[in-house]
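Enquirer: Sharing a model that was predicted from the sequence below.
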Amino acid sequence: MKILCIGDIVGKPGRQAVFDFLPKIREDLGIDFVVANAENSAGGSGVTKNMADYLTRAGVNALTLGDHIWDQRCFEGEIESVQNLCKPANLPPENPGKNYVLAEAKGLKIAVFSLLGQTLMKIKADCPFRAAQKTMDELEKIADITILDFHAETSSEKVSMGNLLDGRATIVYGTHTHIPTADARILSGGTAYI
């Protein structure tokens, strides 16, 4: 199983790059499943149903969100209609949207969820570590593969999350900072982390 995780897609240039290049990348590298953070895809801040549908047509299987989830004022009424998109699981339960996406590829069930960090973030969310454990307790019963997009500011918070979920989650990857890190590795319990 080859899984591609894409960080924050920003604005029209980001959407266009995904649409133009993702199909060939999938073909050339034999990618079976693609997850992407779409929270900045609408003009660099937020997402709309149309943007989510566009990215899905480009070949993204699951879409995650972060702290800009509500920046497009119409989206709170649209989020429920986007089947392959999930809100951060540590937002208040009264917020609309799903806590995770459950999909299938190559006969395996893949669960994707996102969480918001708390350090230096403008949006307040519940404890991501508590939410991670609760979500994993649920997903381990229904999925073969679990992927977490941890949308956080500090690398220390991301490293802590990787260590917490090592051996439980298949992949823990960080988004939000819009810069790549050179810390890709397989943790001691087998979790892929960056």
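Expert: Received it, and whenever you're ready, just let me know what you need.

Enquirer: show me what contacts Leu120?
Expert: When contacts are counted by CB atoms under 8 Å, 6 or more residues apart in numbering, Leu120 touches 153-154. No exception for glycine: its C-beta is placed from N, CA and C like everyone else's.

Enquirer: cool, and Thr170?
Expert: 145-147, 191-192.

Enquirer: between those, which has the most around it?
Expert: Ile147 (25 neighbours; other CB atoms under 10 Å).

Enquirer: Can you list the residue ranges for helices in this structure?
Expert: For the chain, the helices defined by DSSP state H occupy 11-29, 49-57, 75-78, 128-139, 155-165.

Enquirer: the inter-axis angle of the second one versus helix 11-29?
Expert: Spelled out, it's helix 49-57. 20 degrees (axes from the mean of the first three to the mean of the last three CA atoms, to 10 degrees).

Enquirer: So what touches helix 49-57?
Expert: Counting by CB under 8 Å, 6+ apart, 9, 15, 18-19, 36, 38, 41-42, 63, 75, 78, 81-82, 84-85 sit against helix 49-57.

Enquirer: can I get the helices of the chain in a markdown table with distance to Ile179?
Expert: Formatted as a markdown table, the helices of the chain follow (distance: least, CB to CB, whole Å):
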| stretch | distance to Ile179 |
| --- | --- |
| helix 11-29 | 14 |
| helix 49-57 | 21 |
| helix 75-78 | 26 |
| helix 128-139 | 20 |
| helix 155-165 | 10 |
